[in-house]
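>>> Quick one, what's the 3D model for this:
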Amino acid sequence: MMKQFRADLHCHSTCSDGTASPKELIDLAIDQGLSGLSITDHDTLNAYSTALPYAKKLNFPLLTGVEFSCFHQNESVHILGYAFDLSNEQLNAFCRKHKERRLQRSLLILEKLKEHGMPIAIDTKNLESIGRPHLAMEMMRQGYVATMEEAFKKYLGEGCSCYVSGDAFSIEETIDVIRAAGGVAIIAHPHLINQPHLVTGLLKMPFDGIEAYYAKIPPHQERPWVKIGLYRNWIMTGGSDFHGTVKPHIPLGCSWVNEETFQLLYEKCLTNNS
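Numbers count the residues shown, from 1 in each chain. Here you go, the predicted structure:
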């Protein structure tokens, strides 16, 4: 019996807020019987310096990917980029700006935590991409909270005592940067966007696709996004949003795309990185 083609296009490594290294993600993907993968770390491409040669060595198809954080009408919106040229200077400069923004925000949060009696010793210089999940994990290690959920609900979440709002880039700028690098821009996990009017506005923007299949959401929650994708002739992507042990209930490969979708993006990726 022929193996079903499954490619997970949404996962995170230790280069952002995942717990598996880039190489470990590829090994896990192969162990899980996946046919392809894209590592979509938050605002950084650093995983690919080790992941790409390792994937080539194993003859495993690896699609370039990234997940950028944006703000639109006071709500956080994530955009996935795929199939871009890894060496594109505009894209790499954009990632460097994101890294600095993340660092400055994290330093402000660390100050607030200290003011609330929770000093945290964390080496921000050696983290490739720092964010609230890193701080939450460190809060757990140092005994201030029992779970990451507690860290966000009590201290790090919006409206909490140690929350610092993000100063992210615009959706329009993010789309432009991804396309300048030869990639495609995809609306990430639209079902997580809380404001219906915001979704309506996003659908009018020049995206190339939508993440219709996500993690473990049931089919009835996927259907509206599939309909939108079909109506607009958009690329419909999907993936687990695997983070490793910080989200143990979400295994790699629990959501995926078929061969047709993957090959469409992978061939573009090969052309851009030849």
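>>> got a pLDDT number for the nearest residue to Val164 once chain neighbours are set aside?
In space, and not counting its chain neighbours, Val164 is closest to Leu108: 4.6 Å by Cβ to Cβ, 6 or more residues apart in numbering. All C-beta atoms are positioned from the backbone trio N, CA, C, and that covers glycine. pLDDT, Leu108: 92.
>>> what about the closest residue to Thr14 other than its chain neighbours, neighbour count?
In this structure, Thr14 finds its nearest non-sequential neighbour in Ser21, 5.1 Å apart by Cβ to Cβ, 6+ apart. Residues lying near Ser21 (other Cβ atoms under 10 Å) number 17.
>>> Now Ser21. Its backbone dihedrals?
phi -70, psi 160 (degrees, to the nearest 10).
>>> measure it to Ala180 for me?
Note on Ser21: its distance to Ala180, by Cβ to Cβ, to the nearest Å, is 29 Å.
>>> Where do the helices of the stretch 1-150 of the chain begin and end?
Assigned by DSSP state H, counting those that start in this stretch, the stretch 1-150 of the chain shows helices spanning 22-31, 48-57, 89-115, 132-141, 148-151.
>>> could those helices be laid out in TSV, adding distance to Gly253?
Formatted as TSV, the helices of the stretch 1-150 of the chain follow (distance: least, Cβ to Cβ, whole Å):
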stretch	distance to Gly253
helix 22-31	7
helix 48-57	16
helix 89-115	26
helix 132-141	21
helix 148-151	23
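>>> Switch the ones you listed over to a markdown table; also include mean neighbour count.
Output for the helices of the stretch 1-150 of the chain, formatted as a markdown table (neighbours: other Cβ atoms under 10 Å):
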| stretch | mean neighbour count |
| --- | --- |
| helix 22-31 | 19 |
| helix 48-57 | 16 |
| helix 89-115 | 16 |
| helix 132-141 | 20 |
| helix 148-151 | 17 |
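>>> To Gly65, which of these lies closest?
helix 48-57 (9.0 Å; Cβ to Cβ).
>>> Just the CA trace of that closest one, in PDB.
C-alpha atoms of helix 48-57 as PDB (Å, rounded to 0.1, in the frame of the first residue of the first chain):
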ATOM      1  CA  TYR A  48      17.900  26.900   8.000                       C
ATOM      2  CA  SER A  49      21.600  27.200   8.400                       C
ATOM      3  CA  THR A  50      21.600  23.700  10.000                       C
ATOM      4  CA  ALA A  51      18.300  22.300   8.800                       C
ATOM      5  CA  LEU A  52      18.800  22.800   5.100                       C
ATOM      6  CA  PRO A  53      22.100  20.900   4.700                       C
ATOM      7  CA  TYR A  54      20.800  18.200   7.100                       C
ATOM      8  CA  ALA A  55      17.600  17.800   5.100                       C
ATOM      9  CA  LYS A  56      19.600  17.600   1.800                       C
ATOM     10  CA  LYS A  57      21.900  15.000   3.300                       C
END
